[in-house]
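> Next comes the sequence, and after it the predicted model I'd like to discuss.
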Amino acid sequence: MRRIRPSAFIGAALVCLSTLAQAGEFTVSAAASLTNAFKEMAQGFEQQNPGSKVLLNFGASGALLQQIAKGAPVDVFASADEESMEQAEKQGLILTSGRRNFARNTLVVVTPADTASRVGALKDLNAPQIQKIAIGNPASVPVGRYTQRALEAAKLWTALQAKVVNTQNVRQSLDYVARGEVDAGFVYATDAAIMKDKVRVALSVPLQEAIHYPIAPIAGSTHAEEARRFVAYVLSPAGQQTLAKYGFLKP
């Protein structure tokens, strides 16, 4: 298995975040799959709240959790899975009373748009022509954990290990597929939708659990009011409309 470790970047990210926030600014750390939606969401929030500035920090939910635990000056955490948020809650890092699920997603397998290989079922990933499969590192990337559970249920996880290319987050998996550096990859449906010209959705992956996205203000935030208002905006009709625009499902 080829591995890329996100932990090597956590120290640098902490330094970067600590130098960003200034008066009127607050930081939202969000799962990589939320990149496009939250960039637009931040603009909408700033228009409704003159004087506020949203600083966005994207990455794998597990890596973001580690940054917060190590003291990164974050005010809001939005993860791609409930497991990461549960860990944040157990460590006392978030305001439990402000935690909400705000969206859902689905897991898909994508292949390069111009590939001749056909993947119609998970078992097809074991075919000889599929040599490399991009999967988020299950240790820190929620999409990787969902993928592992799906492949274990299909009794394919062990058989496919020699083909696996571990990635730092779901967008890296998407990029690898789009560039043709791997033959297939596991991403969210919302990620596949932003690169329709470069990747093809081969199949939707059945899961025994729903993919919920939770959000919560950080405990001890120095911008508590802004954090509360941002969470409320994400849950508002305007925020939900933006999420729907990028393919996210209602919570």
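Structure's in. What do you need? Fair warning: this is a prediction, and the values are worked out from it, not measured in the lab.
> what's the neighbour count on residue 120?
Counted with other C-beta atoms under 10 Å, the neighbours of residue 120 add up to 9. All C-beta spots, glycine's among them, are computed from the backbone N, C-alpha and C.
> Pull the contacting residues for it.
Contact analysis of residue 120 by C-beta atoms under 8 Å, 6 or more residues apart in numbering lists 202, 203.
> For the protein, give the helix that spans the most residues.
The single longest helix within the chain, with elements called by DSSP state H, is helix 35-48.
> Report the strands that pair with the helix or strand just after that helix, each with its relative direction.
Counting by DSSP states H and E, the next helix or strand C-terminal to helix 35-48 is strand 53-59. Strand pairing for strand 53-59, determined by DSSP bridges: strand 25-31 (parallel).
> Contacts for the strand it pairs with, please.
If you take C-beta under 8 Å, 6+ apart as the criterion, strand 25-31 is touched by 17, 20-21, 38, 42, 52-61, 64, 67-68, 72-80, 142, 169-170, 213, 221, 223, 226-227, 230.
> That strand to helix 35-48, inter-axis angle?
Strand 25-31 and helix 35-48 are oriented at 160 degrees to each other (axes from the mean of the first three to the mean of the last three C-alpha atoms, to 10 degrees).
> Can you tell me how far the residue nearest to residue 127 when sequence neighbours are not counted is from residue 162?
What sits nearest to residue 127 in space, not counting adjacent residues and going by C-beta to C-beta, 6 or more residues apart in numbering, is residue 117, at 7.5 Å. From residue 117 across to residue 162, the span is 17 Å (C-beta to C-beta, to the nearest Å).
> phi, psi of residue 154?
In terms of degrees, to the nearest 10, the main-chain angles of residue 154 are phi -90, psi 0.
> neighbours around it, how many?
17.
> Contacts only, for the closest residue to it other than its chain neighbours.
Among residues not flanking residue 154 along the chain, residue 122 sits closest, at 4.7 Å (C-beta to C-beta, 6+ apart). By C-beta under 8 Å, 6+ apart, the contact set of residue 122 is 109, 150, 151, 154, 156, 203, 205.
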